[in-house]
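> can't give you the sequence, but here's the structure:
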């Protein structure tokens, strides 16, 4: 005690720690009483903290829709994914694009667009096809697009561009060779 009187700052710090310990002990005791109250053993505290509501079982939290993959090939499987990716086609082949997305649109369906173009040696692009699909995925999904030409494609360089709600999000180059 005499030592505490000589060092008032230390005694104040010790007194503060003692008060803090008592408050923590009281809070723990009050929490135990609240648990007992829920079980019918007392009165529940007037205010309780609640955790944020968890998503319903099987529900996925809403995340923005985004394109995560673009595959091109000569065929797609039942899952709408390209069975084998290629970057060179024959003139009589059909071009397939599989667009992988994740997430989901907030309310309205999203617009997924594919633009097919031929590309000259100078770099000039000539559109050869465009298609838009409205999609409303709620997680991982794959959307298939394709284009074919009666009589076959000219030997040239090509590209496919993917737009999500009008914004370019992926481009892939390929070619047609004999």
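Right, received. Where do you want to start? Keep in mind that this is a model prediction, so the values were computed, not measured.
> remind me which residues of this protein are low pLDDT?
Residue ranges of the chain with pLDDT under 70: 1-62, 105.
> domain assignment for it?
2-38, 66-176 (automatic domain parsing).
> In TSV, list those domains along with mean neighbour count.
C-beta here means a position set from N, CA and C on the backbone, and glycine is covered the same way. Listed next are the domains of the chain as TSV, based on neighbours: other CB atoms under 10 Å:
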stretch	mean neighbour count
domain 2-38	11
domain 66-176	15
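> residue boundaries of the helices in this protein?
Using DSSP state H, the helices of the chain run over 2-6, 8-38.
> list the contacts for residue 92?
152, 153 (CB atoms under 8 Å, 6 or more residues apart in numbering).
> Report the separation between it and residue 128.
15 Å (CB to CB, to the nearest Å).
> same thing with residue 121?
As judged by CB to CB, residue 121 and residue 128 stand 17 Å apart.
> cool, residue 119 as well?
From residue 119 over to residue 128 (counting by CB to CB), the distance is 10 Å.
> now residue 63
The value you get for residue 63 to residue 128, if CB to CB is used, is 34 Å.
> still on that earlier bit, please identify every residue contacting each of residue 119 and residue 128.
Joint contacts of residue 119 and residue 128 (CB under 8 Å, 6+ apart) are residue 158.
> need the strands for the chain, in chain order.
66-73, 88-89, 95-102, 110-119, 125-135, 141-147, 156-164, 167-176 (DSSP state E).
> Of these, which is nearest residue 82?
Using CB to CB as the measure, strand 66-73 is the one of the strands of the chain that comes nearest residue 82, at 3.6 Å.
> elements contacting that closest one?
strand 95-102, strand 156-164, strand 167-176 (3 or more CB pairs under 8 Å, 6 or more residues apart in numbering; DSSP states H and E).
> and residue 87, which of those strands is closest to it?
Across the helices and strands packed on strand 66-73, closest to residue 87 is strand 167-176 (CB to CB), at 4.6 Å.
> Check which helices and strands that closest one is in contact with.
Against strand 167-176 (3+ CB pairs under 8 Å, 6+ apart) you get strand 66-73, strand 88-89, strand 95-102, strand 156-164.
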